[in-house]
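Chemist: quick one: sequence and predicted model below, then my questions.
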Amino acid sequence: MSRKASENVEYTLRSLSSLMGERRRKQQEPDAASAAGERSLLAAAESSASLQSAGAGGGGVGDLERAARRQFQQDETPAFVYVVAVFSALGGFLFGYDTGVVSGAMLLLKRQLSLDALWQELLVSSTVGAAAVSALAGGALNGVFGRRAAILLASALFTAGSAVLAAANNKETLLAGRLVVGLGIGIASMTVPVYIAEVSPPNLRGRLVTINTLFITGGQFFASVVDGAFSYLQKDGWRYMLGLAAIPAVIQFFGFLFLPESPRWLIQKGQTQKARRILSQMRGNQTIDEEYDSIKNNIEEEEKEVGSAGPVICRMLSYPPTRRALIVGCGLQMFQQLSGINTIMYYSATILQMSGVEDDRLAIWLASVTAFTNFIFTLVGVWLVEKVGRRKLTFGSLAGTTVALLVLALGFLLSAQVSPRITFKPVAPSGQNSTCTRYSYCNDCMLDPDCGFCYRMNKSTVIDSSCVPVNKASTNEAAWGRCENETKFKTEEVFWAYNFCPTPYSWTALLGLILYLIFFAPGMGPMPWTVNSEIYPLWARSTGNACSSGINWIFNVLVSLTFLHTAEYLTYYGAFFLYAGFAGVGLLFIYGCLPETKGKKLEEIESLFDNRLCTCGASDSDEGRYIEYIRVKGSNYHLSDNDASDVE
Ligand SMILES: O[C@H]1[C@H](O)[C@@H](O)[C@H](O)[C@@H](O)[C@H]1O
């Protein structure tokens with residue numbers, strides 16, 4: 001049977017079984033509610049009437065199928081859900097923009113405010129550190145005040161932080177602004193996926209949550225374009241770069257004043273009338289009774305099963321299925337960061353310079369090509385997530401990422417091995433000896449952040465090379481000697497290399513970088529967020545997401561803070577080999593522990609964690625299949641108690 005034909009059969013069976021389920025529920029209400037949430041899309045009230053006539057009228061399976069199709073066509077998702085998702089994903093955009101814009105802004109800032117390495121690291125990492133803290137605190141915030149309030153708070157923080165950054169006159173104020181923005185990022189990063197997952201109809205959930213990551217990478221791309229555009233404004237260009245984020249933040253804030261709270265949170269807080277109203281707004285012409293009852297029953301059942309005493313995190317840890325889900329969710333976020341994405345993003349301009357791009361501004365523009373690749377391939381992920389499923393997508397993506405990291409490492413290794421010799425040892429004008437002049441190879445010179453490589457070329461051979469201190473105010477030139485004056489040495493055909501060595505293998509690192517993004521972006525980028533929004537039962541969702549987002553940010557700060565030092569100790573290739581090693585361990589983790597959640601109903605997802613952790617690899621062959629067994633015995637049917645899918 002062709003794939004298309006088999007999909008059609010599957011669709012028909014699913015439609016039929018849902019319609020049958022609808023009929024059974026009409027007879028057995030209200031006990032079926034708990035299993036019904038995921039099927040609400042299929043269950044329009046009018047359909048039961050058409051089903052009655054189709055089934056009882058003796059039209060048989062053909063009529064039933066037509067009724068099912070009609071119902072499918074009627075059940076369109078209202079545009080309102082998309083509006084809500086897009087406004088929420090502005091939080092993702094701001095997350096991406098504020099983490100992405102800093103690398104370009106830093107190139108200007110360090111010159112204008114004479115920032116040393118410590119301050120540069122502080123300004124980059126403080127935001128991420130603050131995001132870690134507020135993501136962890138965001139769980140409680142979400143629980144007490146709701147998703148809408150948390151998103152409003154995040155956009156207010158984004159606005160205030162951006163205004164402070166745009167107006168800053170010293171590095172301390174900049175630090176304060178970056179901290180405030182970071183608090184906003186943390187709250188948005190954990191709340192937005194939860195909110196989108198809770199308002200989306202089940203069949204669109206994966207895709208809509210993945211769109212949030214598309215907005216993150218879109219924000220990073222937009223930031224890199226803004227960086228490029230304002231890099232021409234040497235004085236104060238950074239103010240525009242950092243301040244522009246206020247615009248989408250204000251839009252999100254005002255948008256959310258008119259957007260609704262998550263119906264799920266409202267039901268939990270006993271505001272049932274409001275919840276029903278919002279749910280019907282979100283579901284258009286579909287009946288909401290089942291979904292509403294399902295949420296309500298779930299909350300009650302879970303309370304009975306797990307109890308409601310004590311902090312949610314303790315209940316999650318002492319209840320095996322949620323404990324396992326938490327390990328999988330946090331593990332995914334940890335490996336996302338350990339595979340080095342943010343080293344690549346934050347330092348992409350530098351990596352490009354290392355691989356031979358000399359001009360500062362060109363490096364910034366090329367960094368936007370990096371961000372664009374990340375963005376476009378995240379789009380591929382949005383498309384693939386419902387087709388190949390979460391598990392295969394994540395595994396394939398990380399496997400490719402590991403290979404790309406090896407290519408990147410190999411590129412730097414080759415470059416280091418053919419690193420040009422230093423043939424000329426100039427004496428400092430002050431007479432003081434500099435450590436730079438002691439190095440014998442370009443590679444050692446490049447790894448010292450205080451030194452740069454000055455040389456001439458004879459055809460393709462490096463000649464007259466020296467290692468001299470860098471000008472602290474501008475890494476484009478040396479502190480003294482032949483490479484002291486950028487405009488002058490360029491006319492004299494003398495070259496200056498800061499952070500890289502001229503070698504014939506530089507392109508390998510560039511290839512590694514591109515391969516990395518092509519593989520990372522569709523899977524390892526979005527899936528940790530998407531999977532985390534799905535794997536926890538309702539009562540544990542915001543806490544689970546708070547923890548896993550917190551882990552994401554903690555590892556983000558660890559990896560980006562340590563990159564330059566790791567490179568100094570292990571060299572660049574050593575650092576990338578290390579990330580490749582982490583990614584390899586991540587592959588084992590995903591193979592063993594990540595179950596497939598595609599096409600599963602929420603209740604089924606919880607049961608995926610009933611078994612011992614890391615047994616997923618064993619059941620690989622069944623993964624991702626959507627199987628519903630139905631037995632059709634003519635029009636006179638009796639439904640077993642089992643499920644809507646068991647039809648006679
Ligand atoms: O999923 C996102 C995305 O991949 C971004 O590009 C990255 O900067 C973030 O750290 C990550 O969480």
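Modeler: Nice, I can see it. Residues are numbered from 1 along each chain as shown.
Chemist: residues from this protein in reach of the ligand?
Modeler: Residues of the chain lying close to the ligand by Cβ under 6 Å from any ligand atom are 99, 213, 216-217, 220, 336, 341-342, 345, 374, 525-526, 529, 552, 556. In this view, the C-beta of every residue, glycine as well, is placed from N, C-alpha and C.
Chemist: among those, show me the least confident.
Modeler: Least confident of the residues of the chain next to the ligand in the model: M345, at 75.
Chemist: just how off-centre is the host helix or strand of that one within its chain?
Modeler: Using DSSP states H and E, M345 sits in helix 341-346. Remark: helix 341-346 is offset 13 Å from the chain centroid, using Cα atoms, centre = their mean, to the nearest Å.
Chemist: in it, what's buried?
Modeler: Residues 341-346 are the ones in helix 341-346 that count as buried (16 or more other Cβ atoms under 10 Å).
Chemist: could you list the residues in contact with it?
Modeler: Helix 341-346 is touched from outside by 99-100, 102-103, 124, 128, 220, 351, 370-371, 374, 513, 516-517, 520, 524-525, 556, 559-560, 563, 575, 579, with contacts defined as Cβ atoms under 8 Å, 6 or more residues apart in numbering.
Chemist: buried subset of those, written for PyMOL?
Modeler: Burial among those is assessed by 16+ other Cβ under 10 Å; the matching PyMOL selection reads:
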select buried, resi 99+100+102+103+124+128+220+351+370+371+374+513+516+517+520+524+525+556+559+560+563+575+579
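Chemist: was I right about F230 contacting L242?
Modeler: No. In this structure, F230 is not within contact of L242 by Cβ atoms under 8 Å, at 9.7 Å.
Chemist: neighbour count winner among those two?
Modeler: L242 (32 against 22; other Cβ atoms under 10 Å).
Chemist: that one: what secondary structure?
Modeler: At L242 the chain is in helix, as set by DSSP: H, G, I helix; E, B strand; the rest coil.
Chemist: contacting residues for it?
Modeler: Residues in contact with L242, defined by Cβ under 8 Å, 6+ apart, are 101-102, 105, 162, 165-166, 177.
Chemist: check what pLDDT it gets.
Modeler: Reading off the model, L242 has pLDDT 94.
Chemist: for it, give its distance to the ligand.
Modeler: 17 Å (Cβ to the nearest ligand atom, to the nearest Å).
Chemist: could you tell me how many residues sit around A140?
Modeler: That count, for A140 with other Cβ under 10 Å as the rule, works out to 15.
Chemist: ditto for M190
Modeler: 36.
Chemist: that one and A135 touch, don't they?
Modeler: Yes. M190 is within contact range of A135, at 4.7 Å (criterion: Cβ under 8 Å).
Chemist: what do those two both touch?
Modeler: Applying Cβ under 8 Å, 6+ apart, one finds that M190 and A135 are jointly contacted by 546, 549-550.
Chemist: and L613, how many neighbours does it have?
Modeler: 16.
Chemist: now do P449
Modeler: Neighbours of P449 using other Cβ under 10 Å come to 14.
Chemist: ok, now how distant is K110 from T562?
Modeler: 20 Å (Cβ to Cβ, to the nearest Å).
Chemist: who has more neighbours, the two?
Modeler: Between K110 and T562, counting by other Cβ under 10 Å, K110 is the more crowded of the two (20 against 15).
Chemist: please, which helix or strand holds the residue nearest to V585 when sequence neighbours are not counted?
Modeler: Leaving aside its sequence neighbours, V585 sits nearest to F335 (Cβ to Cβ, 6 or more residues apart in numbering; 7.5 Å). Counting by DSSP H and E, the element that carries F335 is helix 320-338.
Chemist: residues contacting L214?
Modeler: 89, 92, 375, 378-379, 381-382, 526.
Chemist: list only buried entries from those residues.
Modeler: 89, 92, 375, 378-379, 381-382, 526.
Chemist: helices along the stretch 401-550 of the chain, start to end?
Modeler: Here the stretch 401-550 of the chain has its helices, by DSSP state H, counting those that start in this stretch, at 442-447, 486-491, 506-520, 527-534, 541-593.
Chemist: got the contact list for the residue nearest to V585?
Modeler: The contact partners of F335, taken as Cβ under 8 Å, 6+ apart, are 398, 524, 528, 582-583, 585-586, 589-590.
Chemist: repeat that with 7 Å
Modeler: Contacts for F335 (Cβ atoms under 7 Å, 6 or more residues apart in numbering) come out as 582, 586, 589.
Chemist: could I get the residues you listed as CSV with pLDDT?
Modeler: What follows is the contacts of F335, written out as CSV (pLDDT from 0 to 100):
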residue, pLDDT
F582, 97
G586, 97
F589, 96
